[in-house]
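In: Fold the following.
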Amino acid sequence: AEECVIVESSDADEPPGARRFAKLLALCNDGLDRNFAGVQYFCKKGASSVRQQHRDELFIESKLSWIELKLVRDVCFVLHCDMDSFDRRKKRVRRYRPKVLVKFCTNALNVQDEEPPSTRDAPTS
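Out: Sure, this is the predicted structure:
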């Protein structure tokens, strides 16, 4: 399980107050004493033509995005596993953190064409 963050979206295409899941990669401070976080966002859409997409399934974007640290709102867990083992692994996480959101990710998402790359490029646990 990977602890991730829930970020308030600053995307103009999303409604105000919308939240997104993100993997936290880096923290920095600029010369004006502002704090930023480097994140990779998780998306809910993927290539669903191959199979039915599970409601808790996410795809991780391949690009790094910089956001203001104050947009981080909460934590969540993202499990890197297949759909078949998700429920079992989710129960294990919930034993220790009963109220935290738990999602899973099977593939990365290529932002340019919005298609999952080959399975050899998929995140591993």
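
In: May I have the beta-bridge partners of the closest residue in space to Leu64 that isn't next to it in sequence?
Out: Of all residues not flanking Leu64 in the chain, Gly38 sits nearest, at 5.3 Å (CB to CB, 6 or more residues apart in numbering). C-beta: built from backbone N, CA, C; applies to glycine. On the basis of DSSP bridges, Gly38 is bridged to Ala26, Trp66.

In: Surely Gly38 and Ser65 touch.
Out: Yes. Counting by CB atoms under 8 Å, Gly38 does reach Ser65; the two are 7.4 Å apart.

In: so the spatially most central residue of the chain is in which element?
Out: Against the mean C-alpha coordinate of the chain, by CA atoms, centre = their mean, the closest residue is Phe42 at 3.2 Å. Element membership for Phe42, per DSSP states H and E: strand 35-43.

In: which neighbours does the next helix-or-strand element following that strand have in its sheet, and in what orientation?
Out: Once the chain leaves strand 35-43, the next helix or strand it forms, by DSSP H and E, is strand 57-61. Applying DSSP bridges to the sheet, strand 57-61 is found paired with strand 35-43 (antiparallel), strand 101-109 (parallel).
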